[in-house]
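Peer 1: coordinates only, sequence not included:
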């Protein structure tokens, strides 16, 4: 089984008239102002899954700030999951800065979604307030036995749209304060897993944390797979394509070039994700 743990789909109106949604949505404008930034629907994703041999994808929307936007988008995620229950698993998404964040999370989880994410804040000035809200959401996900998937990025290196200045220490504190919450940190957790090499505390703190590979071909050399697996264990790595940003085949080629054993490839490509979603393997 191959499970893509990180994909984005959008309702038809958002795809056809994206400019309408730029107003008071700086994060969306930042990432999707260019027509080459693809917006796809559930049907587009399913066709790509069939082409690449992917059995299941985790789908989510965008961390909208306006309530009407994230409710409409989450309704589309719910509709897609209910329409294709054997192919799609859904997460609810919204800005963690919204005063309605916890209420929307409850609504999504009660209606059948299995997690919350990908939650992100793209402006440094809002990060402190966002982490206060994320604590409440982490506790809520723990109560529902749901996954919480967070956008993270490396604190050094080249700048690019969507690369927020968020210290890894804040993410680490959040994880430490919510030990029963199952976290997934997107984009290799911004490298947070490297600190599991420390002798005390970190490895235990990260015991309920997984790391997805989203955007890896843009960020790291293929050696990242062996290095990360050697530090945190291959069972903690989740294949996530960030499709339509990148096609899954690009990741599979890099995994092959990294010289990963077949049994480890099966874990990363799907078995780890299936276990986290409590699916039969």
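Peer 2: Yep, that arrived. Because the structure is a prediction, the values reported are computed rather than measured.
Peer 1: Mind telling me what element residue 50 is part of?
Peer 2: helix 42-52 (DSSP states H and E).
Peer 1: Which strands or helices does the lowest-mean-pLDDT helix or strand in the chain pack on?
Peer 2: In the chain, no helix or strand scores lower on mean pLDDT, DSSP states H and E than helix 127-144, which sits at a mean of 91. In terms of contacts (3 or more C-beta pairs under 8 Å, 6 or more residues apart in numbering; DSSP states H and E), helix 127-144 is packed against helix 101-110, strand 115-119, strand 147-150, helix 168-177. (C-beta placed from N, C-alpha, C; glycine too.)
Peer 1: mind putting the ones you listed in JSON lines, mean neighbour count included?
Peer 2: Compiled in JSON lines, the helices and strands packed on helix 127-144 are given as follows (neighbours: other C-beta atoms under 10 Å):
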{"stretch": "helix 101-110", "mean neighbour count": "19"}
{"stretch": "strand 115-119", "mean neighbour count": "27"}
{"stretch": "strand 147-150", "mean neighbour count": "27"}
{"stretch": "helix 168-177", "mean neighbour count": "16"}
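Peer 1: Indicate which one of these is closest to residue 202.
Peer 2: Residue 202 lies closest, by C-beta to C-beta, to one member of those: helix 168-177, at 7.7 Å.
Peer 1: And the next helix or strand after that closest one, what does it pack against?
Peer 2: Later in the chain than helix 168-177, the nearest helix or strand by DSSP H and E is strand 182-185. In terms of contacts (3+ C-beta pairs under 8 Å, 6+ apart), strand 182-185 is packed against strand 147-150, strand 209-212.
Peer 1: Downstream of strand 182-185, the next helix or strand is which one?
Peer 2: helix 202-205.
Peer 1: Using neighbour counts, pick out the buried residues of that following helix.
Peer 2: For helix 202-205, the neighbour count (16 or more other C-beta atoms under 10 Å) marks 202-203, 205 as buried.
Peer 1: Which neighbouring elements make contact with it?
Peer 2: So helix 202-205, by 3+ C-beta pairs under 8 Å, 6+ apart, packs with helix 168-177.
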